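Engineer: Sequence and predicted structure are below.
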Amino acid sequence: MIEIEDIRDQETAEWYRMTPQQRWRESQKLWITFLALGGSLDPEPDTQSPFFDADEWREMSSHGRPGMRVVRRSGV
């Protein structure tokens, strides 16, 4: 009999042994971490779509919030 560890690493073998409910709970923990690290659930734009409007779309900054624009460069 071939063991899972013979063809996969230990972490993957543990994942295979989980029930679907256990996998779901573990996946939910990953989403919480993803969002805490600044991930976004907003879909990325489809630039190939005929409905894509480059003038309306603004790229989000790395922390998931709209970027800031410098209004005035001279010192006050």
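Structural biologist: Good, I have the coordinates.
Engineer: Quickly note the distance from the residue sitting nearest the centre point of the chain to Lys29.
Structural biologist: Computing the C-alpha centroid of the chain and ranking residues by CA atoms, centre = their mean puts Gly39 first, at 5.0 Å. Gly39 sits 14 Å away from Lys29, taking CB to CB, to the nearest Å as the criterion. All C-beta atoms are positioned from the backbone trio N, CA, C, and that covers glycine.
Engineer: go on, Ile4?
Structural biologist: Taken as CB to CB, the span from Ile4 to Lys29 is 22 Å.
Engineer: cool, and Asp46?
Structural biologist: 30 Å.
Engineer: quick one: the helices in this structure?
Structural biologist: 4-7, 10-17, 20-36 (DSSP state H).
Engineer: now the longest one and helix 10-17, what's the angle there?
Structural biologist: If I follow you right, that is helix 20-36. Per axes from the mean of the first three to the mean of the last three CA atoms, to 10 degrees, the angle that helix 20-36 makes with helix 10-17 is 130 degrees.
Engineer: Residues in contact with the lowest-mean-pLDDT helix or strand in the chain: which ones?
Structural biologist: Least confident helix or strand of the chain, by mean pLDDT, DSSP states H and E, is helix 4-7 with a mean of 78. For helix 4-7, contacts defined as CB atoms under 8 Å, 6 or more residues apart in numbering pick out Thr12, Ala13, Tyr16, Arg17.
Engineer: Residue ranges in the protein under the pLDDT threshold?
Structural biologist: The model of the chain has pLDDT under 70 over residues 58-76.
Engineer: And Glu3, how close does it get to Arg17?
Structural biologist: In terms of CB to CB, Glu3 sits 11 Å off from Arg17.
Engineer: got any residues that touch both of those two?
Structural biologist: With CB under 8 Å, 6+ apart, Glu3 and Arg17 have no common neighbours.
Engineer: before we move on, the earlier item: ok, Ile4 and Lys29, which is more surrounded?
Structural biologist: The residue with more neighbours, out of Ile4 and Lys29, is Ile4; 14 against 9, by other CB atoms under 10 Å.
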